[in-house]
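[1] Output the structure for:
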Amino acid sequence: MHPNPAENAISIKNSSPLEIKSVKIYDVLGRPVLTKEANFNAIDISTLAAGILFVHILNKEGVLIQQLVKE
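    Next up is the predicted model:
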């Protein structure tokens, strides 16, 4: 996932042979603020509030969680 910190959009590069099923972004209180089910190359985050976010990347093996700073 890059860039981090980000202002308008993030990209997710999948170096794993496992297909990404969905990407969900949560705020620091655990509330979902964005869900993407397809087109993970560029995710528009321009409408989200600035601060710390948590990006959950789901594939068939489980979930990878990464912290994102939104400027």
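
[2] In what element of secondary structure is the closest residue to Pro5 other than its chain neighbours found?
    Computed as Cβ to Cβ, 6 or more residues apart in numbering, the closest residue to Pro5 that is not its neighbour in sequence is Val69, at 3.8 Å. In this view, the C-beta of every residue, glycine as well, is placed from N, C-alpha and C. Assigned by DSSP states H and E, Val69 falls within strand 62-70.

[3] same deal with Ser16?
    Judged by DSSP H and E, Ser16 forms part of no helix or strand.

[4] can you count the residues close to the closest residue to it other than its chain neighbours?
    Nearest residue to Ser16, sequence neighbours excluded (Cβ to Cβ, 6+ apart): Asn59, at 7.1 Å. Residues within reach of Asn59, counting by other Cβ atoms under 10 Å, total 15.

[5] going forward can the numbers begin at 8, since that is how I track them
    Right, with 8 as the first residue, what we last looked at is Asn66.

[6] Could you list the low-confidence segments of the protein?
    Across the chain, nothing is flagged by pLDDT under 70.

[7] SS state for the residue most central in space within it?
    Computing the C-alpha centroid of the chain and ranking residues by Cα atoms, centre = their mean puts Val62 first, at 3.8 Å. In terms of secondary structure, Val62 is strand; the call rests on DSSP: H, G, I helix; E, B strand; the rest coil.
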